[in-house]
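> Sharing a model that was predicted from the sequence below.
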Amino acid sequence: MKNIFSNKYFILLSRLILGVVFIIASIDKISIPDIFALNVQAYKLLPVFLVNLAALIIPWVELICGIFLIGGYYVRSSSLLLSGLCLIFIIALTAALSRGLKIDCGCFGPEHNSPVSWMRIIEDICLLVLSAHIFFYTNTLAINEGEMTA
Amino acid sequence: MQKTKNKSLVHEVGIIIVISVFLAIVYNVFSSKGIPLIRKNVIKMSVSDSLLFPDAIKVDSLKLINTQDTTILKDIKVIAPLHERALKNPDSVAKLYPPKSDPVWKIISLEQLNRLLAEKRGILLDARTEEEFKKGHIPGAQNIPGLEPEKYVEQIITQPRDTLIIIYCNNPDCHLAQMLAEFLSVMEFKNLYLYDDGWDGWKKAQMPIDTSFTKEKSR
């Protein structure tokens, strides 16, 4: 079983999927930050003065990590960061759902309106699994020697 | 070995965060859609009836959007910008106004909205998407989606800037009404109100729903 998970093509596939998803997710958020900021604010989890900073920085972390995952640089740390983001998103979505907030998810930026729902949480859990897979099965040494960038 | 690994991992994470923060700030500075790094608190304030329906004030001129029903309104002038007057009135909620730099949105209740609609004062704007608007809206509302108000600007651009405008979207957590209000205040409309309970509140109160939709209707 371990062999399948640590198969380098399987890991490469995970990296490509995760990278593409997060790059796509980040583009709209970066291009229209004011709407993403409103999305973030609607979750009512952050103090207002931090909302814009989070709305500006989170998409860039997504973009950079996505690019690194596809490019094969800093793969473990990128997947670790994205796991962290997924975890934050899952918590935020769950909090919003449990409080009955009828808000836009903001998951893929403002151009893709989709209300907060369990489906969004399941999506984020899938992404979390993917990034955890990359994190735990990527051989750090191999990465450093550039073997996994194939 | 494990320690070195963890150390380099933390180091890499740090590098990624630094790059992201740096790019985020640089891009934000040079982007035409940049936003302030520190967000200001948006303050929603309910409006008292005495402000919204200043029956006591008698003036000659009459400014109404729709003058069909002037019997009740003969003596009333809709004074704008409302908050200038509020500031002069020590008894009003003006005292609660924070410094000018903080955006303040004036919120009206369902009762106040109904009264304004009955008196045919002002324009009612639906800030939701065209799709949602087509499914149903408050009778008499025009659709100007908060996400792309510039496309619908000709509906409103000819109106006097002191026109009373009521904006709604879905509910208090919906941001579209605020976006439209921001857009309109940039256009120097000063007499803006949000019906904060929005479409959800309207439906919950089982008020009449209009499902008709024509481009012409939204003027």
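Okay, I see it.

> how is chain B carved up into domains?
B:1-39, B:43-204 (automatic domain parsing).

> and residue B:200, how many neighbours?
Residues contacting residue B:200 under the criterion other Cβ atoms under 10 Å in any protein chain shown number 16. Every residue, glycine included, has its C-beta placed from N, CA and C.

> Okay, it and residue B:105: tell me how far apart.
According to Cβ to Cβ, to the nearest Å, residue B:200 and residue B:105 sit 17 Å apart.

> same thing with residue B:52?
14 Å.

> How about residue B:204?
Distance from residue B:204 to residue B:105, by Cβ to Cβ: 21 Å.

> same thing with residue A:67?
Taking Cβ to Cβ, one finds residue A:67 at 39 Å from residue B:105.

> what's the answer for residue A:137, then?
In terms of Cβ to Cβ, residue A:137 sits 51 Å off from residue B:105.

> so how far is stretch B:134-142 off the chain centroid?
17 Å (Cα atoms, centre = their mean, to the nearest Å).

> And for stretch A:13-26?
8 Å.

> With stretch B:170-186 instead?
4 Å.

> Tell me the helix or strand right after whichever helix or strand residue A:24 is part of.
Element membership for residue A:24 (DSSP states H and E) is helix A:8-31. As assigned by DSSP H and E, the chain's next helix or strand after helix A:8-31 is helix A:33-42.

> Give the other helices and strands that that following helix contacts.
Using 3 or more Cβ pairs under 8 Å, 6 or more residues apart in numbering or on different chains; DSSP states H and E, the elements in contact with helix A:33-42 are helix A:48-71, helix B:176-186.

> which one of the ones you listed lies closest to residue B:162?
Closest approach to residue B:162 among these (Cβ to Cβ): helix B:176-186, 12.2 Å.

> Which strands or helices does that closest one pack on?
Helices and strands touching helix B:176-186, by 3+ Cβ pairs under 8 Å, 6+ apart, are helix A:33-42, strand B:165-168, strand B:192-195.

> Just give the strands next to the second one in its sheet, each with its orientation.
According to DSSP bridges, the neighbouring strands of strand B:165-168, each with its direction, are strand B:123-126 (parallel), strand B:192-195 (parallel).

> Chain A contacts on chain B?
Contact residues (Cβ under 8 Å from any Cβ of the partner chain) of chain B with chain A: B:5, B:8-9, B:12-13, B:15-17, B:19-21, B:23-25, B:27-28, B:31, B:33-42, B:129, B:147, B:170-171, B:173-175, B:178-179, B:200.

> Those residues in helices, which ones?
Counted as lying in helices by DSSP state H, out of these, are B:5, B:8-9, B:12-13, B:15-17, B:19-21, B:23-25, B:27-28, B:178-179, B:200.

> any low-confidence regions in chain A?
Low-confidence segments of chain A, defined by pLDDT under 70: A:1-2, A:110-111, A:140-150.

> By mean pLDDT, point me to the weakest helix or strand of chain B.
helix B:82-88 (a mean of 49; mean pLDDT, DSSP states H and E).

> Now the element after that one, going C-ward?
strand B:104-108.

> Redo the helices and strands packed on helix B:176-186 as a markdown table? Include distance to residue A:122.
Shown next, in a markdown table, are the helices and strands packed on helix B:176-186 (distance: least, Cβ to Cβ, whole Å):
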| stretch | distance to residue A:122 |
| --- | --- |
| helix A:33-42 | 19 |
| strand B:165-168 | 32 |
| strand B:192-195 | 34 |
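
> Identify, out of these, the most deeply packed stretch.
A comparison of the helices and strands packed on helix B:176-186 by mean neighbour count, using mean count of other Cβ atoms under 10 Å in any protein chain shown, puts strand B:165-168 on top with a mean of 26.

> Just the CA coordinates for it, please, in CSV.
Extracted in CSV, the C-alpha atoms of strand B:165-168 (Å, rounded to 0.1, in the frame of the first residue of the first chain):
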residue,chain,number,x,y,z
ILE,B,165,-32.2,55.6,-2.7
ILE,B,166,-32.9,52.4,-0.8
ILE,B,167,-30.7,49.4,-1.6
TYR,B,168,-31.2,45.8,-0.6
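
> how about the residue nearest the centre of chain B, what does it touch?
The C-alpha lying nearest the average C-alpha coordinate of chain B belongs to residue B:181 (Cα atoms, centre = their mean; 3.3 Å). The contact partners of residue B:181, taken as Cβ atoms under 8 Å, 6 or more residues apart in numbering or on different chains, are B:105, B:167, B:192, B:194.

> where's residue A:92, which helix or strand?
When elements are assigned from DSSP H and E, residue A:92 belongs to helix A:75-98.

> ok, and what's touching that helix?
A:15, A:18, A:22, A:43, A:45, A:58, A:61-62, A:64-66, A:68-69, A:103, A:105, A:107, A:116-118, A:120-121, A:124-125, A:127-128, A:131-132, A:134-135, A:138, A:140, A:143, A:148, B:9, B:12-13, B:15-17.
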